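Novice: quick one: sequence plus predicted model below, questions after.
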Amino acid sequence: MDRVSFARQLRKSQSDAETIFWQKIRSRRFCRLKFKRQVPIDKYIADFVCEHEKLIIELDGHQHNENIAYDDARTEIMQRYDYRIWRIRNEDIYDDVDQVLYDMKQFLGQK
C-alpha cells in the first residue's frame, strides 16, 4: 500500500484521542490555522500538520514508550523538512484538551 492510501486509511480509523483533538482544530477552529491530518512526509505519516506554522502535532499513546528509537528517527526526518514537532500524550487529550490547546497557543506565541 502506498503512503497516500495508507494515510487515507488512517484518517478513517483514527484513535479516540485523534478524534477529540481533530474536532477542536479542524476547519480553522484553532487560532484560524489550517491543519491537515495523516499527512505523508518523506517515508512517514504525520498525525496533524499546519503548513503555515511548519508544525507537526504527534499524539502519543502508550506504545510511544516502546518505540522511542523509531519516534526519534521519525522526528529527525521530519525536522529535515523544517518542521517543528510537538508531541502530546493521549492522556493529556483525554484529561483536559482545552489545556492542551492553551499550551499550543503559548507554544505558537498566540494570545
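Specialist: Perfect, thanks for sending it.

Novice: just list what the helix or strand where residue 76 lies packs against, helices and strands only.
Specialist: Using DSSP states H and E, residue 76 sits in helix 68-80. Packed against helix 68-80, as judged by 3 or more C-beta pairs under 8 Å, 6 or more residues apart in numbering; DSSP states H and E, are the following elements: strand 44-50, strand 55-60, strand 84-89. In this view, the C-beta of every residue, glycine as well, is placed from N, C-alpha and C.

Novice: which other residues reach the longest one?
Specialist: It refers to strand 44-50. Residues external to strand 44-50 that are found in contact with it (C-beta atoms under 8 Å, 6 or more residues apart in numbering): 3, 6-7, 10, 18, 21-22, 25, 33-41, 55-59, 74, 77-78, 83.

Novice: now the angle from that strand to strand 55-60?
Specialist: Relative orientation of strand 44-50 versus strand 55-60 (axes from the mean of the first three to the mean of the last three C-alpha atoms, to 10 degrees): 120 degrees.

Novice: name the strands paired with strand 44-50 and say parallel or antiparallel.
Specialist: strand 36-41 (antiparallel), strand 55-60 (antiparallel) (DSSP bridges).

Novice: I'd assumed residue 29 was in contact with residue 101.
Specialist: No - counting by C-beta atoms under 8 Å, residue 101 does not reach residue 29; the two are 9.5 Å apart.

Novice: the more surrounded of those two?
Specialist: More neighbours surround residue 101 than the other of residue 101 and residue 29, with 17 against 13 (other C-beta atoms under 10 Å).

Novice: roughly how far does that one sit from residue 36?
Specialist: According to C-beta to C-beta, to the nearest Å, residue 101 and residue 36 sit 18 Å apart.

Novice: with just CA atoms, put stretch 73-92 into PDB.
Specialist: C-alpha atoms of stretch 73-92 as PDB (Å, rounded to 0.1, in the frame of the first residue of the first chain):
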ATOM      1  CA  ALA A  73      14.300   8.700  13.800                       C
ATOM      2  CA  ARG A  74      10.900   9.900  12.600                       C
ATOM      3  CA  THR A  75      11.300  13.200  14.300                       C
ATOM      4  CA  GLU A  76      14.700  13.700  12.800                       C
ATOM      5  CA  ILE A  77      13.500  13.100   9.300                       C
ATOM      6  CA  MET A  78      10.500  15.400   9.700                       C
ATOM      7  CA  GLN A  79      12.800  18.100  11.100                       C
ATOM      8  CA  ARG A  80      14.900  17.900   7.900                       C
ATOM      9  CA  TYR A  81      11.800  19.400   6.200                       C
ATOM     10  CA  ASP A  82      11.900  22.400   8.600                       C
ATOM     11  CA  TYR A  83       9.000  21.200  10.700                       C
ATOM     12  CA  ARG A  84       8.800  21.700  14.500                       C
ATOM     13  CA  ILE A  85       7.400  18.600  16.100                       C
ATOM     14  CA  TRP A  86       5.200  18.800  19.200                       C
ATOM     15  CA  ARG A  87       4.200  15.600  21.000                       C
ATOM     16  CA  ILE A  88       1.100  15.300  23.000                       C
ATOM     17  CA  ARG A  89       0.200  12.300  25.200                       C
ATOM     18  CA  ASN A  90      -3.200  10.800  24.500                       C
ATOM     19  CA  GLU A  91      -3.900  11.000  28.300                       C
ATOM     20  CA  ASP A  92      -3.500  14.800  28.100                       C
END
